[in-house]
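Novice: Sequence and computational prediction follow.
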Amino acid sequence: MSQILDSLSTTDSQRLVCSYKNTGESIQIARISNIPNWYFERVVFPQEYLLFEAPPSANLEIYQEDEPESVKLVNEIVCDRLCMGEPEPLPV
């Protein structure tokens, strides 16, 4: 099931429909924080797919537990590499 809770600003001219899969055995946190006035964060369980919309310039950061009560950044992916199709214009 896809759930879009944090909508993109209507001033963004394009959006990408992206897919990320947690191929590991640990819970991960997926976060986008490099887009002004927009913040995206989701928990991704092992073997789960995450479907989301993002601007082409967004970076998906993947965090994972490092030690008890500690997480570390394990991967950073430019969202245009996770794109499932051509960028779509936002509805006016």
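Specialist: Yes, it's here.
Novice: The most centrally placed residue in the chain pairs with what?
Specialist: With the centre of the chain defined as its mean C-alpha position, the nearest residue by Cα atoms, centre = their mean is Leu60, 4.7 Å away. The partner list for Leu60 in beta bridges (DSSP bridges) reads Ile77.
Novice: how near is it to Glu69?
Specialist: Separation of Leu60 from Glu69 (Cβ to Cβ, to the nearest Å): 24 Å. Glycine gets a C-beta too; all of them are placed from N, C-alpha and C.
Novice: does Cys20 belong to a helix or a strand, and which?
Specialist: Actually, residue 20 is Tyr. It isn't Cys. Assigned by DSSP states H and E, Tyr20 belongs to strand 14-21.
Novice: counting contacts, what elements does that strand pack onto?
Specialist: Strand 14-21 sits against strand 49-54, strand 59-67, strand 88-89, with contacts defined as 3 or more Cβ pairs under 8 Å, 6 or more residues apart in numbering; DSSP states H and E.
Novice: how about a cut-off of 10 Å?
Specialist: strand 28-32, strand 40-44, strand 49-54, strand 59-67, strand 70-78, strand 88-89 (3 or more Cβ pairs under 10 Å, 6 or more residues apart in numbering; DSSP states H and E).
Novice: Just tell me which of the ones you listed ends up closest to Arg15.
Specialist: Arg15 lies closest to strand 49-54 among these, at 4.8 Å (Cβ to Cβ).
Novice: how much does the closest one deviate in direction from strand 28-32?
Specialist: 10 degrees (axes from the mean of the first three to the mean of the last three Cα atoms, to 10 degrees).
Novice: Neighbouring strands of strand 49-54 in the sheet, and parallel or not?
Specialist: strand 14-21 (antiparallel).
Novice: and the strand it pairs with, C-alpha only, in PDB?
Specialist: Extracted in PDB, the C-alpha atoms of strand 14-21 (Å, rounded to 0.1, in the frame of the first residue of the first chain):
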ATOM      1  CA  GLN A  14       8.000  18.200 -11.400                       C
ATOM      2  CA  ARG A  15       7.700  15.200  -9.200                       C
ATOM      3  CA  LEU A  16       9.100  11.700  -9.500                       C
ATOM      4  CA  VAL A  17       7.300   8.500  -8.400                       C
ATOM      5  CA  CYS A  18      10.100   6.500  -6.700                       C
ATOM      6  CA  SER A  19      10.500   3.100  -5.200                       C
ATOM      7  CA  TYR A  20      13.000   1.900  -2.600                       C
ATOM      8  CA  LYS A  21      13.300  -1.600  -1.200                       C
END
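Novice: All set, thanks.
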